[in-house]
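Student: Predicted model and sequence below, questions to follow.
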Amino acid sequence: MADYSMYHALGQGAVSDEDSTRQQSAINPNIQFNPSAAPPPSGYQETGTYGIPPHNSQPAYGTPQSSSFVQSPNAGYAAGPPPAPGQSDGHAMAGLASQIGGLGITADSGRGHRKKHRHAYHDIGGPVGSLQTSNGMPHAVAQNSAQFLNNTGQSPQHQPTVPSPAVAVSREAYSATGTFPQTEFPSSKTSSVSTQGKVNPDQLPSIPRSRDIAAQHYFNHVYPTLERHVPPPATIPFVAHDQGNSSPKYARLTLNNLPSTSDFLSSTALPLGLILQPLARLDPGEQPIPVIDFGDTGPPRCRRCRAYVNPFMMFRAGGGRFVCNMCTFPNEVPPAYYAALDASGVRSDRMQRPELLMGTVEFLVPREHWVKEPVGLRWLFLVDVSQESVNRGFLEGVCEGIMGALYGGEHDGAGENDGETIPRRLPEGSKVGIVTFDKEVHFYNLCPQLDQAQMMVMTDLEEPFVPLSEGLFVDPYESKSVISSLLSQIPTIFTHVKNPEPALLPTINAALSALQPTGGKMVCTLASLPTWGPGRLVMRDPGKGQGVDSESKLFNSEHPEWRKTATKLAESGVGIDFFIASPGGAYLDLAIIGHTAAVSGGETFFYPNFHAPRDILKLSRELAHTVNRDTGYQAQLKVRCSNGLQVSSCHGNFLQHTFGADLEIGAIDEDKAISVLFNYDGKLDPKLDAHFQAALLYTTAGGQRRVRCINVVAAVNERGLETMKFIDQDAVIATIAKEAASKATDKSLKDIRASITEKTIDIYAGYRKNFSGSHPPGQLVLPENLIEFSMYMLGLIKSRAFKDGVETSDRRVHEMRILRSVGCTELSLYLYPRIIAIHNLRPEDGFASEQGQLQVPPTLRATYSSVEDGGAYLVDNGQICLLWMHERVSPNLLEDLFGPGMTSLGSLDPAISSIPVLETHLNAQVRNILQYLSATRGSKAVTIQLARQGVDGAEYEFARLLVEDRNNDAQNYVDWLVHIHRQVNLELAGHRKREDTGASAEGALSTLAGIRPPYW
């Protein structure tokens, strides 16, 4: 990549003393992720160990668990530093690839002994050690040059703190001889070994280990966005320092070093894509995005491609011209923006220009970009008051949730002036309205001058209208007493008026009429199939397990009236979020209803088997998060790229009328991500870098019209070799998952599973064939930055969206839309959950260290072999959080966690959804860990669901989340990796038939149908 001085001396060129001082102060290497943590409970005394439960020989609660982590009282995030060379982990590494080689998996033996090895059963030995990987974690040795090509060899002006040697050792855990060579990061080393033995699951690439090591590093270090260009794993908290290249929280490129031609890209089989999360949440300690006002003229832009000014545009002719970094077109600098260049060719005012320093900035746009007069965001709550909603307690939970979203909890509404003492949870200018519906639609006048709200009923469902001229949208704090009184009365009012059939589509159309002049956001709740009025739906899925062809028809949303409304929502700048409960597991046709949310940029929260005592807390928290998160509306997204590249497709929640047109988004929030794929329409110049710019034009919740510019740069290499060193694994996974989810309505699930398998084989085979050098046929060779990729792909195949076997269409559709809309963090957790053992926490776990960091215990592999007798585990996949407890769990643990008298699993309330606040050490630890989990996830709230062994049905969900085991009608991790390796060898030998790959993989999966895990 070009040197820093080429981009206005971004850390390398000669700069003035003043500039140097400014740059040194722009980053604080001591910034740390510091979630709130409760102090140790007062008056609690440690008593050593707990009593041993009767009839049980497992270690007592409090005894450290035997694991591959070295227990150290001084450890911060992980339990201890990785083993030194020659210790257990080195021995563990001395076996994986050749163990697979010892199975006779070569190109010539792919068909031999087919019956004997048909199901790839292997002996599972005891744990020998764990692989140590850290996708995206810096190596101990500081880089001597920029990570990109074409640099001048100058060292960056600001170097972040280098990792400790203990962290560095684990970076090279995968090596050809089991040793730990010290090389610069990132390294092109591959995973390959050569010994004999059986496949041990503990020697397979470990996602939890890679996450823990990277998290330990980034607790104490910042991520400089231009000096290091392989981002940290998406699931860990980190602080990014914007050096002109946008933070990976906003944009992740699948390849941060591009091959110059499409042929070289094809040889890698990797997608070239960009994962955009434009409104992603900032972590504490990160600099806010600057908002720049250029007045009526607007920000400087290229006259040819209309790219916005950014740090990579070059200024020439004494500052009178700038050369666009996208299309290389020379432009005249507007007179008001002129500044002279210094001796090094840098603008003299660069340090005062955030748009020339930072990769992510926002510009206030002039009136020519206003579709409508910008106003504060209008929120309209559409509340289902039909019979099912009332009877199941869903209505009461919704009213409590709206109250909490607006005011932080239930309030008595004593007076109007109370709003002055309540901190605002919505920006200034935002207004809210409330509508209820069953067979009729009820609007409410919420004017603050009224003593109580006035209801007006709209009965014309064929041509819905708004019966109120004023009072529908009000400031929630001026009308606090009226709103609070109404929300407390709604459950009582409709207890006596029970209409079983809701009219949903007419309600949405009436609400659209109210929001169309300004744009805004709807929040709609629903508890039964809308079978009344225009747009009524019918029972399409009897829930008896349809065939493949019949099932695929249930995924489409070919309902003309609903599709028309969805398009109107997006075009009018209105988004809609659904909160849908299925109390008895009834069919609700999420394919059609949720389509309006998907097209308008919204989201669907689904509560299958809704049980009010258990799920109301989750419902309330997610309602509050929906209303309080950063949200924009009337949005349009445009992505530009360098000459030689073009946008080929996009996947996510948006409306696009024609290919190449801007993406129209009714409303967008901080949790939504969009995948953009590119292809080549020419050749890239290896002497230049490739640039990408995403521009999101939107109206903020406070009523300002802005454009958020996100700039990303990547190096270009001649033959693709350097490409493999700069792969972002999380972006590759997200790109493949979103593309697969988008094809669900066109292809069968069997074909999608086969295509995921083929893609995995193609990527590994392409690397082995073109980039890995010479290795014996029996060795398993994995790219360094794609070591855990195969496990994520297995998790994708096992997900409810694509898994084989019987699954309700509502749940399948819901999880397909999750894959299409979520960011990398939520997706990574969804595919591989994090598991934390709480029965053997160290005393310091869950509390702040001397540096103010929350000390989080290590996570475990998602396999039943990690589970101990008498253990208790938190399992979080970003959607739900299970608390699984073994049938012989310690009574002392139960008492410390849930309170006196709770000494057995049967004494616990099955509907409990939170940990009570107690003055015990363990209780405070678990509550702090849950708080940490809630800070590193997507839109779903953290509430616990009990999964007691042998008691709760949720333990089957726990078994499903153990994705390394044989479940979900698919192979276990060992068998999957063996299958991939066999197909790679067949590909190298030229014997692989692509049309048979999917069939053979599907056949292997289908033979496992109906097999129950042996541990149940």
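Tutor: All right, it came through fine. Numbers count the residues shown, from 1 in each chain.

Student: Any idea how far stretch 474-486 is from the middle of the chain?
Tutor: Taking Cα atoms, centre = their mean, to the nearest Å, one finds stretch 474-486 lying 35 Å from the centre of the chain it belongs to.

Student: Check stretch 805-815 too.
Tutor: Worked out by Cα atoms, centre = their mean, stretch 805-815 lies 20 Å from the chain centre.

Student: buried residues in that stretch?
Tutor: Across stretch 805-815, burial judged by 16 or more other Cβ atoms under 10 Å covers Glu807, Thr808, Ser809, Asp810, Arg811, Arg812, Val813, His814, Glu815. To be clear about C-beta, it is placed using only N, CA and C from the backbone, and glycine gets the same treatment.

Student: Can you pull the domain assignment for the protein?
Tutor: What the record gives for the chain is the domain set 378-408+427-539+551-628, 728-821+974-995, 833-962, from the TED database.

Student: Output the ones you listed as TSV; include the columns mean pLDDT.
Tutor: As requested, the domains of the chain are exported to TSV (pLDDT from 0 to 100):
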stretch	mean pLDDT
domain 378-408+427-539+551-628	93
domain 728-821+974-995	91
domain 833-962	94
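
Student: closest one to Ser648 among those domains?
Tutor: domain 728-821+974-995 (10.8 Å; Cβ to Cβ).

Student: which residues touch the residue lying closest to Ile490 once chain neighbours are set aside?
Tutor: In this structure, Ile490 finds its nearest non-sequential neighbour in Cys399, 5.5 Å apart by Cβ to Cβ, 6 or more residues apart in numbering. Counting by Cβ atoms under 8 Å, 6 or more residues apart in numbering, Cys399 touches Val383, Leu487, Ser488, Ile490, Pro491.

Student: so Thr825 sits in a strand?
Tutor: No - using DSSP: H, G, I helix; E, B strand; the rest coil, the secondary structure at Thr825 is helix, not a strand.

Student: Verify the stated contact: it with Ala935.
Tutor: No - at 10.9 Å, Thr825 does not count as touching Ala935 under the criterion of Cβ atoms under 8 Å.

Student: The two: which has the busier surroundings?
Tutor: With neighbours defined as other Cβ atoms under 10 Å, Thr825 and Ala935 compare such that Thr825 has more, 25 against 16.

Student: for the more buried one, what are its contacts?
Tutor: Thr825 neighbours (Cβ under 8 Å, 6+ apart): Ala234, Thr235, Gly878, Thr936, Arg937, Gly938.

Student: try Arg303
Tutor: Taking Cβ under 8 Å, 6+ apart, one finds Phe329, Asn331 in contact with Arg303.

Student: same thing with Ile818?
Tutor: Ala801, Glu826, Tyr830, Gln879.

Student: And what about Gly429, helix, strand or coil?
Tutor: Under three-state DSSP, Gly429 comes out as coil.

Student: What sits closest to it if chain neighbours are left out?
Tutor: Gly429 sits nearest to Gly376 (Cβ to Cβ, 6+ apart), 2.6 Å away.

Student: mind checking pLDDT for the one you found?
Tutor: As predicted, Gly376 sits at a pLDDT of 95.

Student: how many neighbours does Leu933 have?
Tutor: Around Leu933 there are 19 residues (other Cβ under 10 Å).

Student: List the residues that contact it.
Tutor: Arg834, Leu874, Asp876, Cys881, Val942.
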